[in-house]
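Asker: Model the structure of this input:
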Amino acid sequence: MERWLIRRSTSKDTSTDITEASDDVNSEQPSTSSGNKGHDGHNAKTYSSCTRKPETSKNGKTLANQTSRLCSKDKRLFPTKGKRSTRTKAGDNTENYNSCQSSTYAVAYLFAQRKEAHTIGEDLIKPAAVAMCRAMHGEKVAGDLDTIPLSNDTVRRRIHDIADDIRCQLIERVKNVRYALQIDESTDISNSAQLLVFIRYSFDGRLHEDMLFCSTLEGTCTEDAIFTELDSKLREMGLPWDQCVGVCTDGAGAMLGKRKGLRGKIMQVAPNVNFTHCIIHREALAKARWLSRGKVLTHLYQVRDEEVRLFLLECGSTLSVHLCDSIWLANLAYLASIYEKLNELNLSIQGPNTNILTMSDKVNAFRGKLERWAVRSEEGNVEMFPLLEEFVEENELHACLDNIRGAIATHLRSLFDHFKKYFKEETTLQQNDWIRQPFTATGSHHQIWRMPCLNFRVMEPYG
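Answerer: Below is the predicted model:
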């Protein structure tokens, strides 16, 4: 339809130009008497065609020079003028179409990021944007903005296009490089098992982490089902197993079983893959799954008098007596402090571009702190727990501290044993020090790489 409209407008412009050219011919032609007519009964000054044989006026002068000049002018200028108009209009339409497409993709990307309903694009966002543009820039800009398609189906298709494009770019990046996988299986709110796979790879001299795919597992979540889905996805994407250098999973038996688990299945197709147990998962197990209780305990300690105790008194609860017990409050202050430090450790080993070296260093350093804190607590020194120290100093409860320091030391040693259980000796500092300092590393825990000596011969100077 647009092409037809462009051609029609072009023909109209060309006809108008030819008419104007005919007027130019008539204006430049010498005037003749009204009685001088041609064979068709019209005035001799009217020409039906520029290629008609020139006529001779009464005074014997010919119009050959003027006619030939105007004929050449018509053939050269008039068609070119029409073509210029067509090209300009077609370019404007293409530019407007591309702008609308880009705008739609930009809005769809925001929808995907915010996880909003697609229907508000046409029901709310577009009318609001048009109203603002009409008020600030007038009807013309508002009309252009109103042509942007933001229907539910359009936004959905744009999001799928963006996802497909990102997926294609990711596959092209990792096709010819070595990569590592992080695999996790979980259950969503609809009680469906989801297999999530993340990939780490090197691109442009930097390590990148991206989600490779997320797929639903049908039936039971056995090691066979997990490996079948993982293997089919990698083959579909063209990623060979021999390029995989590492796999990170949680501690479930279906994942780490050397014979029947996922580890055994992968080792059959990629025997050189290095398997690791997720450090964040082990750290959560060592904390007895008290991942977020530090903030809860801290908030309870801060509002113990103003809000919690008064509320319990109004309700007639017997729990209010605990908020008047100095021993109980001292224990609460200690727990709030120690679990706040555990949460800080958990956050420090998360985030992009983390690696097993820095994560192991942080975990091992915290494990060493636990052992030293236990010794200092037995001596009555609690300055490493700021809430407990503040509570003791404000209420002058140094005698109370003598009653709980033994329990604090016992709890700290229990945490130390949990960390020692889930973080064994293979992740100690000596295991990977040859990577940190390859030229100064020594010891029996690693292999020393030596470059062959080069024999240089001293050459005699010339002359």
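
Asker: Which parts of the stretch 351-463 of the chain are helices?
Answerer: Ranges of helices within the stretch 351-463 of the chain are 356-378, 386-395, 398-422, 433-436, based on DSSP state H, counting those that start in this stretch.

Asker: and residue 244, which of these is closest to it?
Answerer: Nearest to residue 244, of all the helices of the stretch 351-463 of the chain, is helix 356-378, at 16.3 Å by C-beta to C-beta. C-beta here means a position set from N, CA and C on the backbone, and glycine is covered the same way.

Asker: which parts of that closest one are buried?
Answerer: Neighbour-count burial for helix 356-378 flags 356, 359-360, 362-363, 366-367, 370, 373-374, 376-377 (criterion: 16 or more other C-beta atoms under 10 Å).

Asker: Check stretch 301-312 too.
Answerer: Using 16+ other C-beta under 10 Å as the test for burial, stretch 301-312 gives 301, 304, 308-309, 312.

Asker: same question for the helix or strand hosting residue 313, mean pLDDT?
Answerer: If you go by DSSP states H and E, residue 313 is part of helix 310-315. The average pLDDT within helix 310-315 is 87.

Asker: in the helix or strand following it, what's buried?
Answerer: Downstream of helix 310-315, the next assigned helix or strand under DSSP H and E is helix 326-348. Neighbour-count burial for helix 326-348, with 16+ other C-beta under 10 Å as criterion, is recorded at 329-343, 345-346.

Asker: how about TSV for the helices of the stretch 351-463 of the chain, with distance to residue 206 added?
Answerer: Output for those, formatted as TSV (distance: least, C-beta to C-beta, whole Å):
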stretch	distance to residue 206
helix 356-378	16
helix 386-395	38
helix 398-422	31
helix 433-436	18
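
Asker: a markdown table please, covering those and showing distance to residue 167 and mean pLDDT.
Answerer: Output for those, formatted as a markdown table (distance: least, C-beta to C-beta, whole Å; pLDDT from 0 to 100):
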| stretch | distance to residue 167 | mean pLDDT |
| --- | --- | --- |
| helix 356-378 | 27 | 88 |
| helix 386-395 | 48 | 88 |
| helix 398-422 | 35 | 87 |
| helix 433-436 | 33 | 70 |
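
Asker: and of these, who's closest to residue 277?
Answerer: Closest to residue 277 of these is helix 398-422 (C-beta to C-beta; 8.2 Å).

Asker: Remind me what that closest one packs against, helices and strands.
Answerer: The contact analysis (3 or more C-beta pairs under 8 Å, 6 or more residues apart in numbering; DSSP states H and E) places helix 398-422 against helix 279-286, helix 326-348, helix 356-378, helix 386-395.

Asker: same for the last one, what does it pack against?
Answerer: Secondary-structure packing of helix 386-395 (3+ C-beta pairs under 8 Å, 6+ apart): helix 326-348, helix 398-422.

Asker: Could you save those helices as a markdown table and add columns showing distance to residue 389?
Answerer: Shown next, in a markdown table, are the helices and strands packed on helix 386-395 (distance: least, C-beta to C-beta, whole Å):
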| stretch | distance to residue 389 |
| --- | --- |
| helix 326-348 | 8 |
| helix 398-422 | 9 |
